[in-house]
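S.K.: sequence and predicted structure are below.
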Amino acid sequence: MCLPTLASRPPHAALLVGHSRHQMRSVARLLGRAGFTSDALSSDPSLARRQSVRRVFPFEPAPGWIEAALDWQSRTGGLVVPCDDDLVRQVRDAAISLPAKCRLLPIAAPEHLGHAGSKVGLARALAKAGVAAPRFAVVESAGTLVAACEGLGYPLVVKVDESGGGQGVFPCRSRVEAEALAARPLRLPLLVQELIDGDLIDLSGFFRGGLPVHFVFNESLKTVGSRFGVSILRRYTRLSRVEREVFEDLVQFGEALGLDGFVNVSALRHSGDGRLLFIEADLRPNVWVEASRIFGDDPAPKIRSAFEEGRVLTWPLPPEPGPTTVDLPYPFRMGAWELLTNRYGVWRTFGEHAPIDLIRLLGGPAWRSFQGVWRRFRRG
């Protein structure tokens with residue numbers, strides 16, 4: 001399959017909007033290697049201490065930051081990157097024109113705004129386009145939750161429409177559990193989906209006009225809290241080893257949602273037949289945005305060529321040297337003792353992060369406990 005290229009004027013500049021310095025520094029480093037100069041709207045002024053971020057403007061609650069971002073984009077023609085789910089929803093709900101919303105979100109046209117920040121909107125958009133996804137029902141009132149669960153059949157997962165990081169996600173395996181959830185003051189609407197037995201797969205990447213410019217394929221091996229929590233350890237598969245069906249599914253997914261920029265994409269790989277069922281399209285980069293660079297798959301050259309030459313990924317994907325899979329941890333979700341003992345081989349990721357951030361992480365209670373034990377050991 002050969003995909004068309006997309007002509008585009010390189011914007012040269014990017015504006016990152018968010019609050020997590022770890023995530024925003026990763027995005028800025030990646031875009032810097034792709035030829036962008038990054039500014040930031042953030043509540044964390046320490047971002048300005050890094051060479052990857054030129055200027056940090058003070059963050060103001062919406063609509064202040066939205067007005068500032070639109071003004072910046074009008075003057076520069078640059079790429080705006082919202083880095084938090086809440087910011088995406090604020091743009092979606094803002095009292096501005098639909099085209100203006102698209103200038104601030106990674107979507108190509110106003111008709112795709114329905115899935116911005118909404119699990120219900122995403123499920124409906126995927127169903128309309130015929131993209132493979134779990135069966136679902138939408139619950140508008142608590143009184144209809146049990147009937148919706150009974151109609152789909154157990155086991156299920158019940159999701160608050162606007163939530164993230166594993167929050168607002170509840171497994172439901174019986175009528176008793178459905179009735180218990182119906183009695184809770186959950187924010188409506190709710191998305192009820194069949195619970196798929198399978199691996200959680202990350203296919204996040206950068207898109208242009210609905211087509212993937214770069215993406216990753218990794219499996220979540222360890223999470224914080226429940227299986228629905230954020231991941232600590234992931235197993236990456238090199239793109240040259242990804243099946244053609246996976247690539248074509250991702251192309252269909254991107255085109256159906258009009259993706260255009262950084263998007264956090266998740267799917268479940270069915271344990272029975274191996275099918276991918278898409279469950280997530282957060283319109284922001286995730287904290288792993290440049291992790292594949294560690295094993296030689298840097299997204300930056302592909303993003304640069306997308307803007308400067310209009311290139312997107314085509315099948316077959318180019319061969320890559322090295323092992324088929326690579327396990328990578330995320331240090332800022334690990335404890336100080338795990339970092340000190342190189343659990344999961346975490347030391348090889350340190351070069352991708354600011355040393356001061358790692359020192360702060362090690363400066364927690366576990367590090368102080370280690371220092372106390374070491375001093376007692378030295379005293380004999």
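M.R.: Sure, I can see it. Numbering: from 1, shown residues only.
S.K.: and the residue sitting nearest the centre point of the chain, how far is that from residue 204?
M.R.: Nearest to the mean C-alpha position of the chain, by C-alpha atoms, centre = their mean, lies residue 264 at 2.8 Å. Between residue 264 and residue 204 the computed distance is 5 Å (C-beta to C-beta, to the nearest Å). (Each C-beta comes from the backbone N, C-alpha and C, glycine too.)
S.K.: please, where are all the helices along the chain?
M.R.: 21-33, 64-76, 85-93, 98-104, 119-129, 145-152, 175-182, 244-257, 300-309, 336-340, 355-362, 365-379 (DSSP state H).
S.K.: tell me which of those helices is the most buried.
M.R.: With neighbours taken as mean count of other C-beta atoms under 10 Å, the helices of the chain reach their highest mean count in helix 21-33, at a mean of 23.
S.K.: buried ones in the longest strand seen in the chain?
M.R.: Taking DSSP state E as the criterion, the chain has its longest strand at strand 262-270. With burial defined by 16 or more other C-beta atoms under 10 Å, the residues of strand 262-270 counted as buried are 262-270.
S.K.: and what of stretch 325-338?
M.R.: 326-334, 336, 338.
S.K.: closest to residue 48 out of the residues you listed?
M.R.: Relative to residue 48, the closest of the buried residues of stretch 325-338 is residue 332; by C-beta to C-beta it sits at 20.0 Å.
S.K.: check contacts around the closest one.
M.R.: Residue 332 sits next to 22, 287, 353, 357, 361 when contact means C-beta atoms under 8 Å, 6 or more residues apart in numbering.
S.K.: for the residues you listed, work out which two are farthest apart.
M.R.: By the measure C-beta to C-beta, 287 and 361 form the most distant pair in the contacts of residue 332, at 13.6 Å.
S.K.: in the stretch 1-150 of the chain, which segments are predicted with low confidence?
M.R.: Applying pLDDT under 70 to the stretch 1-150 of the chain flags residues 1-11, 49-50.
S.K.: make that the stretch 251-380 of the chain, sorry
M.R.: Counting by pLDDT under 70, the ranges of the stretch 251-380 of the chain that qualify are 363-380.
S.K.: how's the protein carved up into domains?
M.R.: 12-105, 135-194, 331-379 (automatic domain parsing).
S.K.: which residue ranges form the strands in the stretch 151-300 of the chain?
M.R.: 156-160, 169-172, 190-194, 198-202, 205-208, 211-215, 218-223, 231-237, 262-270, 276-282 (DSSP state E, counting those that start in this stretch).
S.K.: so what strands line up beside the last one?
M.R.: What that stands for is strand 276-282. Using DSSP bridges, strand 276-282 pairs in its sheet with strand 262-270 (antiparallel).
S.K.: distance check, residue 198 against residue 273.
M.R.: Relative to residue 273, and taking C-beta to C-beta, residue 198 is found at 10 Å.
S.K.: who has more neighbours, these two?
M.R.: Neighbour count, other C-beta atoms under 10 Å: between residue 198 and residue 273, residue 198 has more, with 18 against 7.
S.K.: the more buried one reaches residue 270, doesn't it?
M.R.: Yes. Because the distance of 4.7 Å satisfies C-beta atoms under 8 Å, residue 198 is recorded as touching residue 270.
S.K.: farthest-separated two in the buried residues of stretch 325-338?
M.R.: Pairwise across these, and taking C-beta to C-beta, the largest span is found between 326 and 336, at 24.3 Å.
S.K.: what does stretch 59-78 rub up against?
M.R.: For stretch 59-78, contacts defined as C-beta under 8 Å, 6+ apart pick out 9, 11-15, 17, 19, 36, 39, 41-43, 57, 80, 87, 90-91, 94-96, 100, 103-104.
S.K.: strands - which of those land there?
M.R.: Counting by DSSP E, the contacts of stretch 59-78 contribute 13-15, 17, 39, 41-42, 57, 80 to strands.
S.K.: farthest pair within the residues you listed?
M.R.: Greatest spatial distance in the ones in strands among the contacts of stretch 59-78: 13 and 42, 16.0 Å, computed using C-beta to C-beta.
S.K.: and those two? which has more neighbours close in?
M.R.: Neighbours of residue 13 and residue 42, each counted by other C-beta under 10 Å, are more numerous for residue 42; the result is 23 against 19.
S.K.: OK, contacts around that one?
M.R.: Neighbouring residues of residue 42 by C-beta under 8 Å, 6+ apart: 16-19, 21, 24, 56-57, 59.
S.K.: same thing with residue 313?
M.R.: The contact partners of residue 313, by C-beta under 8 Å, 6+ apart, come to 3, 211-215, 247, 302.
S.K.: and those residues as a markdown table, adding distance to residue 253?
M.R.: Shown next, in a markdown table, are those (distance: C-beta to C-beta, whole Å):
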| residue | distance to residue 253 |
| --- | --- |
| 3 | 14 |
| 211 | 11 |
| 212 | 9 |
| 213 | 14 |
| 214 | 15 |
| 215 | 10 |
| 247 | 11 |
| 302 | 18 |
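S.K.: out of these, which is nearest to residue 47?
M.R.: Closest to residue 47 out of these is residue 214 (23.8 Å), distances taken as C-beta to C-beta.
S.K.: what's around the closest one, how many residues?
M.R.: Residues near residue 214, counting by other C-beta under 10 Å, number 23.
S.K.: likewise the one 4 residues further on?
M.R.: A count of neighbours around residue 218, defined by other C-beta under 10 Å, yields 24.
S.K.: how far away is it from residue 286?
M.R.: Distance of residue 218 to residue 286, given as C-beta to C-beta: 11 Å.
S.K.: this completes my enquiry, with thanks.
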